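[1] Sequence and predicted model, in that order:
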Number of protein chains: 2
Amino acid sequence: MINKLIDNIVKTNAPIVVGLDPMLNYIPSYIQKISFEQYGETLKGAAEAIWTYNKGIIDATYDLIPAVKPQIAMYEQFGIEGIIAFHKTCEYAKQRGLVVIGDIKRGDIGSTSTAYAVGHLGHVMVGSQKLAAFDEDFVTVNPYLGTDGVKPFVDVCKEENKGIFVLVKTSNPSSGEFQDQLVDGKPLYELVASKVVEWGNECMGDTYSNVGCVVGATYPEMGKVLRKLMPKTYILVPGYGAQGGKAEDLVHYFNNDGLGAIVNSSRGIIAAYKQDKYSKFGEEHYADASRQAVIDMIEDINGALGKMTK
Amino acid sequence: MINKLIDNIVKTNAPIVVGLDPMLNYIPSYIQKISFEQYGETLKGAAEAIWTYNKGIIDATYDLIPAVKPQIAMYEQFGIEGIIAFHKTCEYAKQRGLVVIGDIKRGDIGSTSTAYAVGHLGHVMVGSQKLAAFDEDFVTVNPYLGTDGVKPFVDVCKEENKGIFVLVKTSNPSSGEFQDQLVDGKPLYELVASKVVEWGNECMGDTYSNVGCVVGATYPEMGKVLRKLMPKTYILVPGYGAQGGKAEDLVHYFNNDGLGAIVNSSRGIIAAYKQDKYSKFGEEHYADASRQAVIDMIEDINGALGKMTK
C-alpha cells in the first residue's frame, strides 16, 4: 500500500494529506439546516451533515491530492450514526482514487490488536465468509503496549498489502511528557523509532516500508533526527498550519528523493472558508475554498522543498 | 462513578469484572447457527450472535458481579454491525444495574480526545440538543500522548460523573519494551502513575478517584509498588486466569480496606463451558458455566484476600 501512496504522491506532486476531521461548527449552516430538517437535531442529523460536507470536500480536491485522513474520533462522538458517516467517507474517498489513512490510534494486546487490524485493514471470518469491515488503506497505531500490540497490525499489513503509521513523536504540547523522557541517554521516541524500523523491515514496499510513523511538524529538530534514524520509513506529519508547523520546518522530514513524508492539514483545508484569506468564497462555496487552500498548501510545501534541493 | 462502582463491589462482595470480549469461536454453535440462518454469514449475522451470547452471560451473572468490561475491538472487527452489538451490550448491562467499563484504549490530542470522551462518556451537542452516544460509565485511556491527551477525558468525567482507567502497566509480555524503560532511575510506568495521581486529584469520589489505572496481574511485584504510589487510585487488573495471573499475586493490588482493585476475567468466564472444569454444562448451558466460573473466581480472589487480612 505504501507503493500506491507514493504513486499517488508522485502523480499529484503533492506530499500532503487532507485531514477529514469534521467538527459540527466547521460545517456550513445551510448543510446543517438541510440535514436537521430531514433527520432532526439527532446523531443521524449530525452524521448526515458530516457526510455531505466531506463529500463536497472530496469532490473538490480529489484530483489534487494523494490521500485523505479521516480522524475517527470526530465521527465516533456521534455514535453509530457517526461511524456510518466515517465508513461512507472512507468508501467514497477510495472510489475517487484516494488512499485512506484511518486516524484511529488503536493499540491493544495480542488477539485484541488483531481484531482492530482485521476490522480496519483486513478481513474477518464469519462462518465460511471472509468479510471486510472498515477496510481503510492505512491506520495509525499507538505503540505504548510494545511489540505484541503492534505486530498483529504488521501481520495483517503483510497479508493484505496495507500499511500503518505508528505514533513516534506526536504534535501536541505535552507529547514530551513521556515521549521525550531519556532512556539510556536517548529520548523514548528514538527507542520507539528503532522498533518502527524493526517492524518495518518485515513489511517493505519497493523503496519504503508499509510501516510508517507519525512525527509532529511542531518538533522540527526531532523530525530531522528521526528522518535519519528511519531512512525507509514514511513519516506522516500532523501539526502543519493550525497547530503552528511551517513549511520550512518540514524540509528535513523528507529524504533527498523528495519523498519520505506526507504532511497533514485538517482545519486549514476543510474549514478554509472560515479564514479571512478564503472568506471571499463564502460558506456556500466552502469546498472551493478547500480546493484553493489545497493548492496553496502544495505550493507552500513544494516551495520549501525546492529551496532545499537547490 | 467510582462511588457507584465501589458500591456495587461492596454489595456483591466481588472485586471482579467480567470482560465481554467475544470471539466468534467462543460462541456456542447453536447460537451462531440461528443467527446465520436469519442474517446469513454476514457482519450482521456475527453481531447478532455476539449480542445473543452476551445477553445470556449478563442474565446469568448480573446479580453476582459489579461490572462488565466489553472490549470494543472484538465488536469493531465486525464493522458497524459489531459496534451496534457493543452499544446494545452496554445499554443492556446498565439496565441490569451493572457498571460498564468500555475497554476502548483511546487517546489522542486536544479536541480529538474531547470527541472520544464526549462520545463514550458524555454528551455531544447537535444544534440545540445535548445527546449521548455510547454512554459507558468508564473507559480505558492510553497515556502515550501526555496530559493534553488525557485531560479532556478527565474534564468530561468531572462534568458527567464518569470515570477512566489509564494504562500504566499492561499485562502483555512485551509491555516492558517501553513501559519499563528507566527514566531517571525509575521505570516509565511509575512516571505515568505519578501523572495518574495528579489527574486523579482533580476528580475525586468519596474515597477513591474517578481516574483509575490499569496494571496487569502478570506483574505482581510492580503491582505492589504501584499500589503504594497511588493509594487513592482504583486499579483495573487484567491478566487473571487465561493470561496467567493468580489470585495470590493479586493481594497486593488491594488496599487494607479490601478495596482499590477490580480484577478482570474475560475468556475464563465467558468461554468457561469450553474448559474441562465446566464441560459438564455443555454448550447449551454456556451461561450457567459462566455463572459457576464467576462464583469460583470470586471465591478464589476473596480467599486470597482473606489470607492477606488474617
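    Yep, that arrived.
[2] which stretches of chain A form helices?
    A:2-12, A:29-39, A:43-61, A:73-76, A:79-95, A:110-120, A:147-160, A:176-179, A:188-201, A:220-229, A:247-250, A:267-270, A:286-309 (DSSP state H).
[3] which of those helices sits most buried?
    Comparing the helices of chain A by mean neighbour count (mean count of other Cβ atoms under 10 Å in any protein chain shown), helix A:73-76 ranks first with a mean of 27. Quick note: C-beta positions are derived from backbone N, CA and C, even for glycine.
[4] That one packs against which elements?
    The elements that helix A:73-76 packs onto, with contact taken as 3 or more Cβ pairs under 8 Å, 6 or more residues apart in numbering or on different chains; DSSP states H and E, are helix A:43-61, helix A:79-95, helix B:110-120.
[5] Out of those, the one nearest A:C213 is which?
    For these, distance to A:C213 was read as Cβ to Cβ. The smallest value, 18.3 Å, belongs to helix B:110-120.
[6] related to what we said a few turns ago, mind putting the helices and strands packed on helix A:73-76 into CSV with distance to A:L191 and mean pLDDT?
    CSV is the format used below for these (distance: least, Cβ to Cβ, whole Å; pLDDT from 0 to 100):
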stretch, distance to A:L191, mean pLDDT
helix A:43-61, 37, 98
helix A:79-95, 32, 98
helix B:110-120, 24, 96
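[7] now these as TSV including distance to A:G127?
    TSV is the format used below for those (distance: least, Cβ to Cβ, whole Å):
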stretch	distance to A:G127
helix A:43-61	30
helix A:79-95	22
helix B:110-120	31
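[8] Show me the one of these that comes nearest A:D137.
    helix A:79-95 (7.4 Å).
[9] Residue nearest the middle of chain A, spatially speaking?
    Geometric centre of chain A, nearest residue: A:K69, 3.6 Å, by Cα atoms, centre = their mean.
[10] Spit out the contact partners of the nearest residue to that one once chain neighbours are set aside.
    Spatial nearest neighbour of A:K69, chain neighbours left out: A:I101 (4.2 Å); criterion: Cβ to Cβ, 6 or more residues apart in numbering or on different chains. Counting by Cβ atoms under 8 Å, 6 or more residues apart in numbering or on different chains, A:I101 touches A:V17, A:A67, A:V68, A:K69, A:P70, A:E136, A:D137, A:F138, A:V139, A:T140, A:F165, A:L236.
[11] where does A:I101 land on pLDDT?
    On the pLDDT scale, A:I101 is placed at 98.
[12] cool, and A:G241?
    Reported pLDDT for A:G241: 83.
[13] close enough to count as contact, it and A:S265?
    Yes. Using Cβ atoms under 8 Å, A:G241 makes contact with A:S265 at a distance of 4.7 Å.
[14] Need the residues touching each of the two.
    A:M297.
[15] Would you mind telling me which of the two has the busier surroundings?
    A:S265 (27 against 23; other Cβ atoms under 10 Å in any protein chain shown).
[16] Give me the distance between the more buried one and chain B.
    15 Å (Cβ to the nearest Cβ, to the nearest Å).
[17] Local confidence estimate at that residue?
    For A:S265, pLDDT reads 97.
[18] what does A:K310 give?
    The model's pLDDT for A:K310 equals 39.
[19] repeat for A:K186
    Looking at A:K186, the pLDDT reads 96.
[20] coming back round to it: now the residue nearest to the centre of chain A: how far from chain B?
    A:K69 sits 12 Å away from chain B, going by Cβ to the nearest Cβ.
[21] swap in A:P143?
    7 Å.
[22] now swap in A:Q243 and tell me
    Taking Cβ to the nearest Cβ, one finds A:Q243 at 9 Å from chain B.
[23] swap in A:N8?
    Distance from A:N8 to chain B, counting by Cβ to the nearest Cβ: 25 Å.
[24] so what's that residue closest to, chain neighbours aside?
    Per Cβ to Cβ, 6+ apart, closest to A:N8 is A:P66, 3.3 Å.
[25] who's in contact with that neighbour?
    Contact analysis of A:P66 by Cβ under 8 Å, 6+ apart lists A:L5, A:N8, A:I9, A:K11, A:T12, A:A14, A:P15, A:I16, A:V17, A:L98, A:V99, A:I262.
[26] Pull the number of nearby residues for A:H123.
    For A:H123, using other Cβ under 10 Å, the count is 17.
[27] Which residues does it form beta bridges with?
    Under the criterion DSSP bridges, A:H123 forms beta bridges with A:A132.
[28] Tell me who's in contact with it.
    A:K130, A:L131, A:A132, A:E160.
[29] Sort out which of the residues you listed are buried, if you could.
    A:L131, A:A132, A:E160 (16 or more other Cβ atoms under 10 Å in any protein chain shown).
[30] Let me have the helices of chain A in TSV, adding distance to B:I50 as columns.
    Converted to TSV, those look like this (distance: least, Cβ to Cβ, whole Å):
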stretch	distance to B:I50
helix A:2-12	33
helix A:29-39	28
helix A:43-61	22
helix A:73-76	19
helix A:79-95	15
helix A:110-120	12
helix A:147-160	20
helix A:176-179	35
helix A:188-201	31
helix A:220-229	41
helix A:247-250	45
helix A:267-270	35
helix A:286-309	39
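[31] right, and the ones you listed - which one's nearest B:T89?
    Proximity to B:T89 (Cβ to Cβ) singles out helix A:79-95 among the helices of chain A, at 12.9 Å.
[32] So is the closest one next to chain B?
    Yes. Using Cβ under 8 Å from any Cβ of the partner chain, helix A:79-95 reaches chain B at A:G79, A:I80, A:G82, A:I83, A:I84, A:H87.
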